[in-house]
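Asker: structure of the sequence below:
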Amino acid sequence: MQAITKLSKTRLSTAILIFMSIFFMSCEKNEFAAQGLFTNWKAPQKISRSIASVKPTDKEVVHIIQYQDPKQILIYCKLNTTKVKACYNIHANQVLNKYKKDYGPFKSVELEHLKQQFSYQDVDQKLQAILKDVEMKTSKKVKKLVTARKNFCQKNSKYFLEKCLTQYLEKDTFTVLNQFHGKHKMNGHEYLFLKKEINKQLKKKLLKAKAFIKKQQAI
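Answerer: Below you'll find the model as predicted:
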């Protein structure tokens with residue numbers, strides 16, 4: 001009876017994960033959101049700027065970011081095309097043109113401020129800084145899952161090691177993702193974007209685990 005109950009719970013958990021995946025995947029082709037969790041996320045970062053770049057005032061930064069967070073455009077492009085930079089620049093220019101139409105006209109120095117806030121390089125660096133911060137926040141759970149999988153496969157799988165290590169990769173990805181999402185609510189695009197990043201993070205650590213086990217087996 002207990003075995004049946006356990007099996008039912010496992011099937012229910014799997015069904016929930018599949019449903020959530022389908023729900024968020026339906027968002028993937030939609031237009032990017034104006035705001036999200038990452039809009040006001042404060043992460044340590046080092047933004048490189050050219051000597052000629054102009055630093056905008058806090059008021060200007062807040063206004064344009066409230067109008068449209070450029071990180072949301074970048075996330076949308078990273079999800080939907082391999083030509084990320086071209087996609088981003090097209091959509092960013094469209095947003096800036098609409099912003100200038102709604103709130104302009106602007107002086108040349110103000111236009112430089114706006115362009116700087118939507119610079120592909122700066123926005124990408126900010127997004128990468130957020131990902132590193134998220135990786136630190138999820139590292140404990142990732143390590144726990146990878147260690148458990150490594151220990152099990154080291155004892156029980158000699159000939160199908162990689163399959164053993166990666167057979168629950170998708171499930172573990174959702175476990176980490178949904179634990180994070182439970183504490184930090186994301187929009188659909190952020191959810192899908194972070195799913196891919198966590199999946200890559202797990203895969204990388206599982207490959208390291210495979211190399212470690214192979215080395216131990218060779219001794």
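
Asker: skipping adjacent residues, who's closest to residue 181 in space?
Answerer: residue 191 (6.4 Å; CB to CB, 6 or more residues apart in numbering). C-beta here means a position set from N, CA and C on the backbone, and glycine is covered the same way.

Asker: actually residue 115, sorry about that
Answerer: Using CB to CB, 6+ apart, the nearest residue to residue 115 is residue 96, at 7.1 Å.

Asker: and that neighbour, how many residues sit next to it?
Answerer: 19 (other CB atoms under 10 Å).

Asker: which positions within the host helix or strand of it qualify as buried?
Answerer: Using DSSP states H and E, residue 96 sits in helix 84-103. Of the residues in helix 84-103, 84, 87, 88, 89, 91, 92, 95, 96, 99 count as buried by neighbour count, 16 or more other CB atoms under 10 Å.

Asker: what does stretch 173-182 give?
Answerer: In stretch 173-182, counting by 16+ other CB under 10 Å, buried: 173, 174, 175, 176, 177, 180, 181.

Asker: and of these, the nearest to residue 156?
Answerer: residue 175 (20.7 Å; CB to CB).

Asker: identify the residues contacting the helix holding residue 96?
Answerer: 32, 63-64, 67-68, 70, 73-74, 76-78, 80-81, 106, 111, 114-115, 118, 120, 123 (CB atoms under 8 Å, 6 or more residues apart in numbering).

Asker: would you map the helices across this protein?
Answerer: 2-25, 58-67, 70-80, 84-103, 108-117, 120-156, 161-166, 169-183, 188-218 (DSSP state H).
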